[in-house]
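Novice: give the three-dimensional model of this entry:
(one chain, ligands or ions: 2)
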Amino acid sequence: MNTKARKVMIIGAGNVGASAAYALLNQNICEELILVDLNKTRAEAHAQDLSDAAAYMPGMMTITCRDASDCADVDIAVITVSGGALKPGQTRLDELKSTAKIVHSIVPQMMAGGFNGIFLIATNPCDIITWQVWQLSGLPRSQVIGTGVWLDTTRLRRKLAQDLDIGAQSIDAFILGEHGDSQFPVWSHSSVYGSPIEQVYRHRTGRELDRQAMADSVRKLGFEIYAGKGCTEYGIAGTIAEICRNVFTGSHRALAISCILDGEYGVNGVAIGVPAVLAQSGVQQVIELQLEADEQEKFARSVEVIKANIALLP
Ligand SMILES: NC(=O)C1=CN([C@@H]2O[C@H](COP(=O)(O)OP(=O)(O)OC[C@H]3O[C@@H](n4cnc5c(N)ncnc54)[C@H](O)[C@@H]3O)[C@@H](O)[C@H]2O)C=CC1
Ligand SMILES: CC(=O)C(=O)O
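Specialist: Residues are numbered from 1 along each chain as shown. Ligands and ions are numbered 1, 2, ... in the order given. Prediction:
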């Protein structure tokens, strides 16, 4: 029997980091959670509070605090740091300067500390920071994953599910590209049990699916939540938990996450949201879809946005 404790380190115990810790705890995804934050007092308080909650869970989990460099035994390191909340009217790309600086100071310390697990990046702008972590770490691309458009995909499925009155798990639709304003739904590959989504939509609602309105509502959702509460946290916490679970179980399930491309889709050296198969070693395979001409154009536009911002990294 494999008795090795699964260890997740969360670097940045703010809104997202603390919510991700709670999701991992509730879903019993690992045996050890390690919190890291500049604000050590707050991180320690979160660890104590989560340890109280752990007493109500069916499994055993220890929650501790450490420095990021103390990571040689960590399986998955989740990066959720930030330099401050977005101001009204800003986009995720506006976080680049501050988050890239923080990441630049953390990842080399972790590599010097002997990290050889999987990096999972939620910090925005997610695709660019994923590429930065890949570069700074020198790890194989399979070990560096961004949460990418899996949260956006979940939002799309939720919205379609509400209109169709069908469980979101039965809807095969997803978002591709940047976790940002250039993302887009892949309508050519969207279906419910093999029936094209538009046909099902017409049949169940008596209306035509307004593709543009649906894409816009998904793209804007994060900002609407932000406007109401100053952050988004529970949705991304669910995303982080789901990716960690699929890695630990070696599910070989394909999720739309940010991966470093190496020739797939005709693109090299860019992290972008694409469907990828998750195994215990990380990304086992990037799935290349046959995109329609307009989808190819949108994908190329997303690649351009990400490349232009990679060029701004320190
Ligand atoms: N990928 C996605 O879908 C989503 C991404 N995000 C992103 O996640 C990031 C975190 O957001 P929040 O939790 O709301 O921010 P927050 O400000 O609540 O938390 C960030 C934490 O990082 C810590 N931190 C800063 N520098 C550090 C360092 N050098 N070492 C250790 N800790 C450090 C801060 O002390 C703070 O506790 C942001 O970039 C945000 O845009 C948020 C929601 C969804
Ligand atoms: C903040 C962010 O990236 C989101 O909720 O999509």
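
Novice: rest of the way, CA atoms for contacts and neighbours
Specialist: Will do.

Novice: quick one: the most centrally placed residue in the chain from ligand 1, how far?
Specialist: Closest residue to the average C-alpha location of the chain: residue 147 at 1.3 Å, with C-alpha atoms, centre = their mean. In this view, residue 147 and ligand 1 are 6 Å apart by C-alpha to the nearest ligand atom, to the nearest Å.

Novice: cool, residue 23 as well?
Specialist: 14 Å.

Novice: in this structure residue 245 contacts residue 25, no?
Specialist: No. Taking contacts as C-alpha atoms under 8 Å, residue 245 lies outside contact range of residue 25: 11.5 Å.

Novice: quick one: which of the two has more around it?
Specialist: residue 25 (25 against 19; other C-alpha atoms under 10 Å).

Novice: got a list of what that one touches?
Specialist: Taking C-alpha atoms under 8 Å, 6 or more residues apart in numbering, we find residue 25 in contact with 50, 54, 57, 61.

Novice: now, which of those residues lie within helices?
Specialist: Mapping the contacts of residue 25 onto helices (DSSP state H) picks out 50, 54.

Novice: next one, pLDDT for residue 310 please.
Specialist: pLDDT recorded at residue 310 is 98.

Novice: what number of residues lie near it?
Specialist: By other C-alpha under 10 Å, neighbour count at residue 310 equals 18.

Novice: for the one 3 residues further on, same thing?
Specialist: Here the neighbour count serves as a burial measure; for residue 313 (other C-alpha under 10 Å) it reads 15.

Novice: hmm, it is touching residue 100, no?
Specialist: Yes. Residue 313 is within contact range of residue 100, at 6.8 Å (criterion: C-alpha under 8 Å).

Novice: any idea what residue 256 is bridged to?
Specialist: Legend: beta-bridge partners of residue 256 under DSSP bridges are residue 275.

Novice: contacts only, for it.
Specialist: 148, 149, 150, 153, 174, 175, 176, 273, 274, 275, 276.

Novice: between these, which is closest to ligand 1?
Specialist: Looking at these and their distance to ligand 1, the nearest is residue 148, at 6.1 Å (C-alpha to the nearest ligand atom).

Novice: so what's that closest one scoring on pLDDT?
Specialist: On the pLDDT scale, residue 148 gets 98.

Novice: state the distance from it to residue 124.
Specialist: The spacing between residue 148 and residue 124, counted by C-alpha to C-alpha, to the nearest Å, is 10 Å.

Novice: between the two, which one's more packed in?
Specialist: Using other C-alpha under 10 Å as the criterion, residue 148 and residue 124 rank with residue 148 on top: 33 against 27.

Novice: confirm for me that the more buried one is in contact with residue 276.
Specialist: No. Counting by C-alpha under 8 Å, residue 148 stays clear of residue 276, with 11.0 Å between them.

Novice: hey, what's in contact with both of the two?
Specialist: Joint contacts of residue 148 and residue 276 (C-alpha under 8 Å, 6+ apart) are 256, 257.

Novice: list the residues that contact residue 185.
Specialist: 173, 174, 175, 176, 215.

Novice: scratch that, residue 159 is what I was asking about
Specialist: 214, 218.

Novice: what of residue 173?
Specialist: 153, 156, 157, 185, 186, 187, 189, 190, 191.

Novice: please determine how far the residue nearest to the third one when sequence neighbours are not counted is located from residue 20.
Specialist: Meaning residue 157. Ranked by C-alpha to C-alpha, 6 or more residues apart in numbering and with sequence neighbours excluded, the top spatial neighbour of residue 157 is residue 168, at 5.3 Å. Going from residue 168 to residue 20 by C-alpha to C-alpha gives 22 Å.

Novice: between these two, who's got more neighbours?
Specialist: Set side by side, residue 168 and residue 20 show more neighbours around residue 20, with 25 against 19, by other C-alpha under 10 Å.

Novice: wait, isn't the more buried one in contact with residue 241?
Specialist: Yes. With contact defined as C-alpha under 8 Å, residue 20 and residue 241 form a contacting pair (6.7 Å).

Novice: so which bits of the chain are right by ligand 1?
Specialist: Residues of the chain found near ligand 1 (C-alpha under 6 Å from any ligand atom) are 11-17, 36-39, 80-85, 102, 122-124, 126, 147, 151, 231-233, 236.
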